[in-house]
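K.L.:
got a structure for you, letters missing:
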């Protein structure tokens, strides 16, 4: 259930977090503040559960998570360079 490519998100003001899989994204969403949960959050949360259950492809769940991150303003513009 790995994401390809991984999703990079802003984690605080100066750091990035790499989300590598459906379970990783589900864990991130579980910790998301209740007062910041939008319809995009719930779509992403439902997509993670559907991917875990095998109802949708991992790629579709990744797209839902990336859309949530974009709408929340936390999607990193690009992966960090080595």
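P.N.:
Perfect, thanks for sending it. Please read these numbers as outputs of a predicted model, since none were measured by experiment.

K.L.:
Going by C-alpha atoms from here, please, whenever you check contacts or count neighbours.
P.N.:
Will do.

K.L.:
Where does the prediction get shaky in this structure?
P.N.:
Applying pLDDT under 70 to the chain picks out residues 78-82.

K.L.:
what residue lies at the spatial centre of this protein?
P.N.:
Residue closest to the mean C-alpha point of the chain, counted by Cα atoms, centre = their mean, is residue 65 at 3.6 Å.

K.L.:
Which strand or helix spans the closest residue to that one other than its chain neighbours?
P.N.:
In space, and not counting its chain neighbours, residue 65 is closest to residue 44: 5.0 Å by Cα to Cα, 6 or more residues apart in numbering. Element membership of residue 44, judged by DSSP states H and E, is helix 39-53.

K.L.:
helices and strands around that helix, which ones?
P.N.:
helix 22-30, helix 58-72 (3 or more Cα pairs under 8 Å, 6 or more residues apart in numbering; DSSP states H and E).

K.L.:
so how far is it from its chain's centroid?
P.N.:
Relative to the centre of its chain, helix 39-53 is centred 10 Å away, using Cα atoms, centre = their mean, to the nearest Å.

K.L.:
same check, this time on stretch 55-74
P.N.:
Computed by Cα atoms, centre = their mean, the chain-centroid distance of stretch 55-74 equals 5 Å.

K.L.:
related to what we said a few turns ago, for the helix holding residue 44, which residues meet the burial criterion?
P.N.:
For helix 39-53, a neighbour-count test (16 or more other Cα atoms under 10 Å) marks 40, 41, 44, 45, 46, 47, 48, 49, 50, 51, 52 as buried.

K.L.:
If anything else comes up later, I'll come back, but that's it for now.
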